[in-house]
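Visitor: Predicted model and sequence follow; I will ask about them next.
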Amino acid sequence: MPYCSQCGTEVGTTDVYCAKCGTRQPVAAPPPAADPLATMTPRTASILCYIPVVGWIAAIILLAADRFRQNLQVRFHAFQGLYLFVAWLMVNQVLRPMFRHLPDGGFPLDRLLEAVIMFTWIFMLVKASQEQEYPLPIIGDLARKSAAEH
């Protein structure tokens, strides 16, 4: 139980003023916020980067976090997950509208590319869960270079 800063009388933890002398009581500082990434393993962090469509959010958070700033494997997976998401965005937002205007007999290349990217996300989820650093063609080298830069 805390005591009044002026007269020493016991005061409640939520009391703003002392009941005896009326002195305003100092506000206790809230405990520092716990780091939500403190208990996360590098394996879990790497897996989160490849969750289809929303893994980019985890990748950005992990790249900005002090906890994984020096972990090249997590940074590699975060960058590769981001680049894979950018590839998906390009197919979804650029190619799909272009293929909508083709006659009905056109080959659905956009659907095929989306399926390949979805398979790649799932494949990389498995590789990251096995703690393997598997560089994908083209974006893997770019991710490695990005992860090495500080």
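Guide: Nice, I can see it. Numbers count the residues shown, from 1 in each chain.
Visitor: residue closest to the middle of this structure?
Guide: Ala58 (1.6 Å; CA atoms, centre = their mean).
Visitor: Is that one in contact with Leu48, as I believe?
Guide: Yes: contact criterion CB atoms under 8 Å: Ala58 and Leu48 qualify, at 3.8 Å. To be clear about C-beta, it is placed using only N, CA and C from the backbone, and glycine gets the same treatment.
Visitor: Is the residue nearest to the centre of the chain located within a strand, as I assumed?
Guide: No: with DSSP: H, G, I helix; E, B strand; the rest coil as the criterion, Ala58 is located in helix rather than a strand.
Visitor: So it versus Gln132, what's the distance?
Guide: 19 Å (CB to CB, to the nearest Å).
Visitor: where does this structure have its least confident helix or strand?
Guide: helix 96-100 (a mean of 82; mean pLDDT, DSSP states H and E).
Visitor: what's it packed up against?
Guide: helix 109-129 (3 or more CB pairs under 8 Å, 6 or more residues apart in numbering; DSSP states H and E).
Visitor: downstream neighbour of the helix it packs on in the secondary structure list?
Guide: With elements assigned by DSSP states H and E, the helix or strand that comes after helix 109-129 is helix 139-148.
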